[in-house]
Each structure stands twice: as C-alpha cells, then as structure tokens.
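> quick one: sequence plus predicted model below, questions after.
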Amino acid sequence: MQKRHAPLAIVLAGLAACGIFYGVTAYEFVPSVWRFVERRHPALDQAGTRSYTAVGIPGDPLNLAFVGSEAALRRVMATDQWHDADPITLRSSVRIVVDSAAHRAYAAAPVSNLYVHGRRQDLSFEAPSGNDPSRRHHVRFWKMDTPDLLGRTLWIGAATYDRGVGLSHTTGQLTHHIAADVDRERDKLVGDIARLAGVSVKWIDRYQPELEGRNGGGDRYFTDGRLAVIEAPDAPAN
C-alpha cells in the first residue's frame, strides 16, 4: 500500500517545491531586482562627482540627477519660477551686465559653460532671485549616454545659487560667485518639482567623496554628500 502512494507523495512534494519556488521568485527575487534597477542608474557609475571648467579646473559638485526623457525633464522644470537659460551671445552678455547694473530682472540670463566628460551642459535652467540677474538659482544638466535596463536616460546635474558677480579667485576673470551651501539649492529644486504628479525622489548617500571644497572660480562650498535622483514619466499622449 505504501508503494502505491509513493508517486502521489512525489507529485505533492513537487507541487510544493514549485509553489515555494514561485513564491520566492515572484515575491522576493523579482521585486528585489526591480528595486535594484530603480535604486541606481548604471550611468551614475560613469558620471563622476564634479563638473569642470573649459581648462579642466574642478567646478561645481554634481548634486542631483534626473531619470527620464528630455521632454519629461523640460516638463517638470516648466514651472512659474524656472526658465530655460538663454545661450551665451554678445547680446545676452551685454544685457546681463546692463540689467545687473540697473537691478532689472532677466529671468533667462545665460549661464557660463561647465563640462562633464569634456561636454558642456546640454540643458540649463534658472529661477530669478529678486530683480538682480547677478543673484539667481540655477541648475545645469548633462545627458549621460548609458540607459538603464528600462531604457531610461539619466541626466546628471549641478544646482547652485549665484550670490553675486566678481572676479574669479583662480583666473581673475569676471564670473558669478556661488553660495557655499549647495545642498540648499539642491533641496529647493527638489521641493519645487517633487509635488508634481508622477514625480518621485530617491536619495543616494555618500555620493560625494569630499564634503567641502572649492569650485572653478575658487568659491568655497560644502555638502552632506547626498545625490537627489528625480524620476518622472513622459506626459500621457492625448
């Protein structure tokens, strides 16, 4: 009698094993893989932690990132405060000097070029701070080449606050000086867009290896070392 029931016992044991395998795979392994994919974009391992000036001097620290398409990035940055920065031309350069002297607002004033992997910023945005273009919130974004497993693009960024215009401590050239607390600017930008529908924010601790330093203009900065990673889907098609 016991031998007749042996095949049934084997079948039941096999079903139980399949059930356990399914449970572990579906509810533990697969979710952990997706959590890993969402937690760290592979391009972050190539992005570095600093921007650089045209002559290779370490510039502003990279303190935030955006995961998504250019359209999605432009959409979340299109708030009442943030504007696309004008390109650097003779006309825009003259205007920022004149408007700074006259304390007249210039919401789309150009920003200087900084470089990541030898390429200047792909996008830059700014938010005015009063009526003086020499004081402003601004952020630069560089598009990384490597997509994640979901095919999403990573944009690495540096958000800083320009506190005034003066001479660079390293080159003697006319430049904007940044405020030392770069985390404050990062947190402002995150706060401005995190309330938008579909936007999520994750944090990577200890992204910056050094918690204080000086940028390309010789301005001191300090940070808690964290990187804010903002994610947003494309707007749904109508």
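Nice, I can see it.
> next SSE after the helix or strand of the chain with the lowest mean pLDDT?
In the chain, the helix or strand scored least confidently by mean pLDDT, DSSP states H and E is helix 30-39, which has a mean of 48. Using DSSP states H and E, the helix or strand that directly follows helix 30-39 along the chain is helix 44-47.
> need the residues that contact that next one.
For helix 44-47, contacts defined as CB atoms under 8 Å, 6 or more residues apart in numbering pick out 62, 65, 116, 142, 144-146, 154, 156, 204, 227. For every residue, glycine as well, the C-beta is placed using N, CA and C.
> low-confidence stretches in the protein?
Applying pLDDT under 70 to the chain flags residues 1-6, 8-39, 80, 86-90, 92-109, 132-133, 164-176, 235-238.
> let me see the domain layout of it.
The chain breaks down into these domains under automatic domain parsing: 1-39, 42-231.
> go through this protein and flag its longest strand.
strand 154-167 (DSSP state E).
> who are the packing partners of it?
The contact analysis (3 or more CB pairs under 8 Å, 6 or more residues apart in numbering; DSSP states H and E) places strand 154-167 against helix 44-47, strand 58-61, strand 64-67, strand 136-143, strand 174-178, helix 182-194.
> which residues does the helix or strand following the first one contact?
It refers to helix 44-47. Moving toward the C-terminus from helix 44-47, the next helix or strand (DSSP H and E) is strand 50-52. With contacts defined as CB under 8 Å, 6+ apart, strand 50-52 is touched by 58-62, 114-116, 121, 140, 142, 158, 216.
> please redo it, this time with the cut-off set to 10 Å
57-62, 113-118, 120-121, 140, 142, 156-158, 160, 208-210, 213, 215-216 (CB atoms under 10 Å, 6 or more residues apart in numbering).
> filter those down to the buried ones.
Among those, the ones that count as buried by 16 or more other CB atoms under 10 Å are 57, 59-62, 114-116, 121, 140, 142, 156-158, 160, 208, 215-216.
> can you count the residues close to residue 153?
A count of neighbours around residue 153, defined by other CB atoms under 10 Å, yields 19.
> wait, it sits on residue 66?
Yes: with contacts counted by CB atoms under 10 Å, residue 153 reaches residue 66, the gap being 8.6 Å.
> overlap in contacts, these two.
Residues touching both residue 153 and residue 66 (CB under 10 Å, 6+ apart) are 41, 72-73, 143.
> and the residues you listed, which are buried?
Among the shared contacts of residue 153 and residue 66, those classed as buried by 16+ other CB under 10 Å are 41, 72-73, 143.
> for those, which one is nearest residue 188?
residue 73 (17.0 Å; CB to CB).
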